[in-house]
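Trainee: Could you look at this predicted model? Sequence included:
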Amino acid sequence: MSSKKDEFLQLFDTYIKRDGATELRKFLLKSDFFTAPASSRYHCACEGGLCEHSVNTYYRLLKNIQSEYGDNWEDVVPHESVAICGLLHDLCKIDFYKLDYRNVKENGEWVKKPWYTREETLPFGHGEKSVYIINGFMRLKRDEAMAINWHMGGFDMRARGGDGSVSEAYAIFPLAVFMHVSDLEATYIDEKRGI
């Protein structure tokens, strides 16, 4: 692979065949998905970080599903669902982060350092925003929508506010549990922190 973008597109083209996938792919190519960071200052806070995180999450999700269900894993979770959830769970971050600069004191000297600001133009939440964007192009299955919607787990602002729906979703949709765990593993085990 020459780049994470190429790797992402190869995975997308190989496994995502649903109606609307071609239009979604075009949208991704026109957006900042392949250059955006995954966060402003935490994991993959760098150019291309969002794409890198998405690929990492896909591989973690694939490994977790295969480990749980064995040789017949695709009878339980289709490979297309793994690709959709892993690769597309953070589309909410498209056109969200903007590169800026600020002065930081290092060794008594002021130095201009890059950092990412947030600019929300579609305040729809996090996981639910990704579901909304994807569904604008192709229809998600219910378990895929739940997995993407609740991939933040207890970090989701709805859960922090006392909404117990995340627990109910995890009890009903095992894919949502795997998605959350895979996102955490990619973030905290596979990826660098900081800008």
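Mentor: Arrived safely, thanks for sending.

Trainee: can we go C-alpha only for contacts and neighbour counts from here?
Mentor: OK.

Trainee: what pLDDT, on average, does stretch 126-136 get?
Mentor: Averaging pLDDT along stretch 126-136 gives 92.

Trainee: My error: substitute stretch 69-86 in the last question.
Mentor: 98.

Trainee: so how far is it from its chain's centroid?
Mentor: 17 Å (C-alpha atoms, centre = their mean, to the nearest Å).

Trainee: Tell me the bridge partners for Lys113.
Mentor: Arg102 (DSSP bridges).

Trainee: Surely it and Lys105 touch.
Mentor: No: if you go by C-alpha atoms under 8 Å, Lys113 and Lys105 don't touch, sitting 9.7 Å apart.

Trainee: what sits against Thr187?
Mentor: His43, His53 (C-alpha atoms under 8 Å, 6 or more residues apart in numbering).

Trainee: And for Val76?
Mentor: Taking C-alpha under 8 Å, 6+ apart, one finds Tyr69 in contact with Val76.

Trainee: any idea how far it lies from Ile65?
Mentor: 9 Å (C-alpha to C-alpha, to the nearest Å).

Trainee: got it, and Thr35?
Mentor: With C-alpha to C-alpha as the criterion, Thr35 and Ile65 are 29 Å apart.

Trainee: again with Gly161
Mentor: Taking C-alpha to C-alpha, one finds Gly161 at 30 Å from Ile65.

Trainee: repeat for Thr22
Mentor: 26 Å.

Trainee: ok, Thr35 and Ile65, which is more surrounded?
Mentor: Ile65 (23 against 17; other C-alpha atoms under 10 Å).

Trainee: you'd agree that one is up against Phe178?
Mentor: Yes: counting by C-alpha under 8 Å, Phe178 is a contact partner of Ile65 at 7.2 Å.

Trainee: Ile172: neighbour count?
Mentor: 12.

Trainee: What of Asn103?
Mentor: Neighbours of Asn103 (other C-alpha under 10 Å): 11.
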